[in-house]
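Q: no FASTA, just this:
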């Protein structure tokens, strides 16, 4: 022993600087190391020590100049003075600790960094960059330590153990360590073992051959607590670790992002036992060849607890797990495990079982969305044994270029009991594919017999042949299974076999489809015992551009009866020689040639199928199989083409491309405009300005409505007051309000009509009507078009119906205030009543048409050939929802308030006062001899525009407005007959107005007639466009539209001329009258300001007796 110690000491001092040697001792040595020199002194003391005990407190970061040798059975404990700050640094030059001769090293709260194990003139070991355990009886314990950036030229970048035991606990980290051969972080061989507890992380470690983080060929690896293996790499096998010894993992363990250059992206396990317990996750590990997460070669695996295999990938076989060798077995028995989104470049998206190994799966374990480029989307089994039972689920897996979307099996020993195969895809056997599987039963061979599928469910799987199950050259037994809604674009909608169907018993085939033969089952081999099996609703499938027809086939091997089969046929060649034709299928499912629909590009060869239709700009259809080509509301919204998903221009979407995308504002007739920064700022600025103008106007009106009326005579009133009153009355008198009313009504009818009958005018007229649409006073529409807020139809309906009610409520409040303030003045009370009734009548007139139109639009729906029923007024909404049902109930209530309620109130008042209204016009100057008719004054805006005996015409006008707009929506919707009926109604209303000649002022009568003709010709133009009867080009239609625009502008000019003439007449009257007798008369709203009346001698009797001005209608007519 003395000789050995002397040689070790001599070897350790080779190359040491000339420092004074420390005193050797076998007693307990306690010291502090905080500098390089103190570390060298510790090394010298250990070299000459015989089985000593050393307790070292390590302070700060210390750079080593040479390894610290621990030998002769010494016990060394190194403790960091402060966790995270105590660092042993090898400077990328030396090993940190070299442990030998049964010695023990305990490390606590230390960081061991940049240790390097390489061959030098003074050091002959290439393993264990931080710690090397050179003999089989050494012990290493590390608690809450970090091993970072260590490197070994051979094995064990951080730790190398040759038969010794390692224990890791606490918070331990291995990061960025590397080894040229094995074990990027830890290398363990011969009889050594490693136990890991606490919280341990292996991150970014790498090995040049095997075991990116850990290599074990000793007694095994035991991992408890919480451990993570992230982003470790091995150039050959075992990205996280390589194990030949037994492996026990019990705790919360995650293998994520590890890679292997050949096999086993996370683990390569060979000829051992591996047990997974607790919670284990294999996520996104990769192997260039086999076993994206785990490679088992001659190993037995026992899986317990909870295990997730997610997103692992292999370039070869077994995206998550690869098994080979007859000694390999893997049992998934009633555990919480799942295989999701794993992928293989060849076979077995989740698991590959080969070489005689054995796979057993029991319980509802899901295999979902795994993918193989060739065979076995979830599992591939070759020459091995596989058993699945008790609800194993294969869902959404895919074998892209081969067979068995769920499972591919080429084995004599296979059984599938109670498994579910759903929505899997493959070229052959969407759910299950069997090749040379099973055998004839032999009493002397317990492993013989058919491959059995018992109590399995195959649903929604698809393949070219054998939608659910495909079997070739095998022996099959199917019992108590259900095949439903499976699809084969070739033959065998549910099942195709070319071997021996030993038994088909108590099974059901429902709703399966095939293009060619065997809608449910295609038998190309020998069909044995078929009993108690049901076939229902299995039918043909034709791919895009093909159509089915029936033909009689011979005896069916499955049912034993003669029946009609269905095959698919492409379109006839004769169609291709027919320019401008399209292939459709008739009711007998036979393809025929028809003339292409309007809106289809017919410039190419004839005989195109429905999916190939090329739509012209301005047209739309709901799907690639739709024969209904629809004209879009806005030509610019629909760009046409062949791709249904690309029909709509940017900013548009939905049915007819009539819904605006996010960031776009809806406009007139389903147009959309972008809400970019400049437009939005402009819209907000304009809206704010209008809001403040409206606010000031409302404030002035409210102030006038609630003011106290002065009882003094006009002669005693102030000069300033006289001037204000005179100015106000001149303005009111100069505005021809009845004429304005006539123009507004005409514009409301024209703008609303085009929306009702679903017609698009020529662009120039459409743009003009978009400007006129402001007369509908739709607040929700104005908010949407100005990009302020996105308001759908339900919002617009709410705004238009509730808004007027709020205003009426406000008027009721101001009327109560005005009556209270004028309670001592009869004239003030009368003025308050007149002003409030006049404004209420004005509001009811303005909103009547637009509100009624929106209410009726709630009930107008359109069902397209996609089966969806849309709300015509807003194609972003459907009529089949509970919300729409509630809105219809609300609209029904509002019908009683507006379309019915307003004319009813008008009629009640007019009929109640009909005798007095006629009496005023027929009795001459009756005010002197009959009771005064002051009660007519507040409602004069309702009747004073009309002749005495035509006092009721305002009610007829309400009927005209409703009949030509809102009610039109219910007359044969979206048809030419609807437009034709409206044209007739427009003509009837024109004739009625000519017969009655209702207007007191002939000028108003001629203006009304002009508006009626504009409405008539607008509807007539719509009829021509609807039936395309004129066959005119766009230039002719535009010319017609320009004439209509000129007529609209002419009406406006007429109103302006009338206003000018009115002002001129007023000035002449004032010039000819004495100043004391000048009095300007206006509407009742104007008169009501002072509560007094006084007609001029030149006024007609009808106006004199109710104190109105000749030819000067009130606000409402």
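A: Good, I have the coordinates. Predicted, not measured: the structure shown is a model, and the values here were computed from it.
Q: With the flanking residues excluded, which residue is spatially nearest to residue 413?
A: Leaving aside its sequence neighbours, residue 413 sits nearest to residue 385 (CB to CB, 6 or more residues apart in numbering; 4.4 Å). C-beta here means a position set from N, CA and C on the backbone, and glycine is covered the same way.
Q: Relative to residue 358, how far out is the one you found?
A: From residue 385 across to residue 358, the span is 4 Å (CB to CB, to the nearest Å).
Q: circling back: please read off the pLDDT at the residue nearest to residue 413 from the model.
A: Note for residue 385: predicted pLDDT of 80.
Q: same question, the one 3 residues further on
A: According to the per-residue confidence, residue 388 scores 85 in pLDDT.
Q: okay, the closest residue in space to residue 467 that isn't next to it in sequence: pLDDT?
A: Excluding its sequence neighbours, the residue lying closest to residue 467 (CB to CB, 6+ apart) is residue 486, at 3.6 Å. Here the pLDDT value assigned to residue 486 is 95.
Q: which residues touch residue 486?
A: Counting by CB atoms under 8 Å, 6 or more residues apart in numbering, residue 486 touches 430-431, 458-462, 467-468, 493-494, 512-513.
Q: how about a cut-off of 6 Å?
A: Residue 486 makes contacts with 458, 461, 467, 468, 493, 494, 512, as judged by CB atoms under 6 Å, 6 or more residues apart in numbering.
Q: Torsion angles phi and psi at it?
A: For residue 486, the backbone dihedrals are phi -90, psi 160 (criterion: degrees, to the nearest 10).
Q: what separates it from residue 367, distance-wise?
A: 18 Å.
Q: and what of residue 113?
A: In terms of CB to CB, residue 113 sits 44 Å off from residue 367.
Q: So if I had to pick from those two, which one is more boxed in?
A: residue 367 (31 against 24; other CB atoms under 10 Å).
Q: how about that one, secondary structure?
A: Three-state assignment for residue 367 (DSSP: H, G, I helix; E, B strand; the rest coil): strand.
Q: residue contacts, the nearest residue to it once chain neighbours are set aside?
A: Excluding its sequence neighbours, the residue lying closest to residue 367 (CB to CB, 6+ apart) is residue 378, at 3.9 Å. Going by CB under 6 Å, 6+ apart, residue 378 touches 349, 350, 367, 370, 394, 397, 406.
Q: Just the closest of those to residue 222, please.
A: The closest of the contacts of residue 378 to residue 222 turns out to be residue 350 (CB to CB; 27.4 Å).
Q: Give me the neighbour count for the closest one.
A: 32.
Q: So for it, what's the pLDDT?
A: pLDDT, residue 350: 97.
Q: Look up how far residue 339 lies from it.
A: 4 Å.
Q: Poorly predicted segments of the stretch 901-1050 of the chain, please.
A: Low-confidence segments of the stretch 901-1050 of the chain, defined by pLDDT under 70: 920-935, 937, 1028-1044, 1047-1048, 1050.
Q: try 90 this time
A: Applying pLDDT under 90 to the stretch 901-1050 of the chain flags residues 901-902, 905-1050.
Q: Low-confidence ranges, the stretch 201-350 of the chain, go.
A: Ranges of the stretch 201-350 of the chain meeting pLDDT under 90: 217-220, 245-246, 249, 270-278, 297-305, 324-336.
Q: neighbours around residue 620, how many?
A: Neighbours around residue 620, by other CB under 10 Å: 27.
Q: Contact partners for it?
A: 630, 632, 638, 647, 656, 657.
Q: Out of the residues you listed, flag the one nearest to residue 849.
A: Nearest member of those to residue 849, counting by CB to CB, is residue 656, at 25.3 Å.
Q: Give the helix, strand or coil label for that closest one.
A: Applying three-state DSSP: residue 656 is helix.
Q: these two touch, right, it and residue 629?
A: No - counting by CB atoms under 6 Å, residue 656 sits too far from residue 629 to count as a contact (11.6 Å).
Q: the more surrounded of these two?
A: Using other CB under 10 Å, the more surrounded residue of residue 656 and residue 629 is residue 656, with 24 against 17.
Q: Just the pLDDT for the more buried one.
A: Taking residue 656 on its own, its pLDDT is 90.
Q: tally of neighbours for the residue nearest to residue 413?
A: Neighbour number of residue 385 under other CB under 10 Å is 19.
Q: where exactly do the strands run in the stretch 751-900 of the chain?
A: 861-863, 869-871, 874-878 (DSSP state E, counting those that start in this stretch).
Q: quick one: the second one to chain centroid distance?
A: When C-alpha coordinates are averaged (CA atoms, centre = their mean, to the nearest Å), strand 869-871 and its chain have centres 21 Å apart.
Q: And it, what's buried?
A: 870, 871 (16 or more other CB atoms under 10 Å).
Q: Run me through the strand neighbours of it, direction for each.
A: strand 861-863 (antiparallel), strand 874-878 (antiparallel) (DSSP bridges).
Q: what mean pLDDT would you report for it?
A: 92.
Q: which other residues reach it?
A: Counting by CB under 6 Å, 6+ apart, 655, 861, 862, 863, 877, 878, 879, 880 sit against strand 869-871.
Q: next one: stretch 876-889
A: Everything outside stretch 876-889 that qualifies as a contact, by CB under 6 Å, 6+ apart, is 659, 794, 858, 861, 868, 869, 870, 871.
Q: Can I get these in JSON lines including distance to residue 675?
A: What follows is the contacts of stretch 876-889, written out as JSON lines (distance: CB to CB, whole Å):
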{"residue": "659", "distance to residue 675": "15"}
{"residue": "794", "distance to residue 675": "21"}
{"residue": "858", "distance to residue 675": "27"}
{"residue": "861", "distance to residue 675": "29"}
{"residue": "868", "distance to residue 675": "27"}
{"residue": "869", "distance to residue 675": "29"}
{"residue": "870", "distance to residue 675": "24"}
{"residue": "871", "distance to residue 675": "23"}
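Q: right, and out of these, which lies closest to residue 740?
A: Once CB to CB is applied, the member of those that ends up nearest residue 740 is residue 858, at 29.7 Å.
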